[in-house]
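*Asks:* Provided below for reference: sequence and predicted model.
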Amino acid sequence: MKHSAAIVVLLLGIAGFLNAQPEASVPKMTVKLGALSLIDPVLPSFNLAGEFQISGRWYGQMEAGLILNLEDQVDGLRTGDKSGFRLRPAVRFYYQEQRNRYFLEFLLVYRQVSMDIDGEFWIAPPNELSYNRLVNYSVDSRKLSAFLNVGLFDHSFNERLLVELGMGLGLTGQDNSFSNIPDYGSLRRTSIFSGAFDPDYAINTADIRVTGMLYLNIGYVLF
């Protein structure tokens, strides 16, 4: 997180110097690729976004992406088939009308995913010997977050290409439902994060948590 903050400070500092350059017309509509979503450590997705001017310095954005179906690990748990999507609608206010400009953003994130997980369970039936067993179970997970972000939109280095960086804090609620869980079984977690998909860990929409966001988008100015 310290490294992420340092990168943000560096980019914002560079933007300050670029502000002295002559300004051209600001973009009215852009398309973007969510670069960090592709390497999300939990659930990577291929996200595309479109940003459009509403009025003056007010802009709207809609981002959507499919969860990548990779046989990989999620929070230290071995996963099989997975399917799902992310939606990220946002409203932005830009502080200035120029090519490299700061913005304040209200962003909603909805994520829905279904997947199979191979987890090692400690099974302890009453009055019987306890034992470990590898179990393939399923989870349907829905997560909703609301963030207040600040960021930098910059295409001063090129007429059409752009890079933007944003970060902020928000509130998140998550609801999971599980199937094929063994009786008297408890998942043996393999990382401190694997509780997000642990049937013994009561995450639901009533459990609101403070979470952070960091994203990097690259894009193209249509007009």
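*Replies:* It's in.

*Asks:* show me what contacts the closest residue to residue 153 other than its chain neighbours?
*Replies:* In space, and not counting its chain neighbours, residue 153 is closest to residue 164: 4.5 Å by Cβ to Cβ, 6 or more residues apart in numbering. C-betas here are computed from N, CA, C, even on glycine. Contacts for residue 164 were tallied using Cβ atoms under 8 Å, 6 or more residues apart in numbering; they are 32, 151-154, 216-217, 219.

*Asks:* and residue 56, how many neighbours?
*Replies:* Residues near residue 56, counting by other Cβ atoms under 10 Å, number 9.

*Asks:* work out the gap between stretch 29-47 and the centre of the chain.
*Replies:* Remark: stretch 29-47 is offset 8 Å from the chain centroid, using Cα atoms, centre = their mean, to the nearest Å.

*Asks:* what's the span of that stretch, first residue to last?
*Replies:* End-to-end distance for stretch 29-47, by Cα to Cα, to the nearest Å: 17 Å.

*Asks:* for that stretch, the averaged confidence score.
*Replies:* Mean pLDDT, computed over stretch 29-47, is 92.

*Asks:* what sits up against it?
*Replies:* When contacts are defined by Cβ under 8 Å, 6+ apart, stretch 29-47 is touched by residues 48-53, 63-68, 70, 74-75, 82, 84-86, 88, 111, 113, 162, 164, 193, 196, 214-223.

*Asks:* picking up where we left off before, a markdown table for the contacts of residue 164, including secondary structure and neighbour count?
*Replies:* Formatted as a markdown table, the contacts of residue 164 follow (DSSP: H, G, I helix; E, B strand; the rest coil; neighbours: other Cβ atoms under 10 Å):
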| residue | secondary structure | neighbour count |
| --- | --- | --- |
| 32 | strand | 20 |
| 151 | strand | 25 |
| 152 | strand | 18 |
| 153 | strand | 27 |
| 154 | strand | 22 |
| 216 | strand | 19 |
| 217 | strand | 25 |
| 219 | strand | 23 |
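
*Asks:* want to throw these into TSV with distance to residue 136?
*Replies:* Formatted as TSV, those follow (distance: Cβ to Cβ, whole Å):
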residue	distance to residue 136
32	37
151	41
152	44
153	44
154	46
216	35
217	36
219	40
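
*Asks:* just to revisit the earlier point, what subset of the contacts of stretch 29-47 is buried?
*Replies:* Neighbour-count burial (16 or more other Cβ atoms under 10 Å) applied to the contacts of stretch 29-47 gives 48-49, 51, 53, 63-65, 67-68, 74-75, 82, 84, 86, 88, 111, 113, 162, 164, 196, 214-217, 219, 221.

*Asks:* if we can go back for a sec, which of the contacts of residue 164 lies closest to residue 26?
*Replies:* Ranked by distance to residue 26 (Cβ to Cβ), those are led by residue 153 at 9.3 Å.

*Asks:* just the pLDDT for that closest one.
*Replies:* For residue 153, the model assigns a pLDDT of 94.

*Asks:* how close does it sit to residue 214?
*Replies:* Residue 153 sits 15 Å away from residue 214, going by Cβ to Cβ, to the nearest Å.

*Asks:* which SSE is residue 79 in?
*Replies:* Using DSSP states H and E, residue 79 sits in strand 77-94.

*Asks:* next, the contact list for residue 132, please.
*Replies:* Shown in contact with residue 132 (Cβ under 8 Å, 6+ apart): 120-123, 188.
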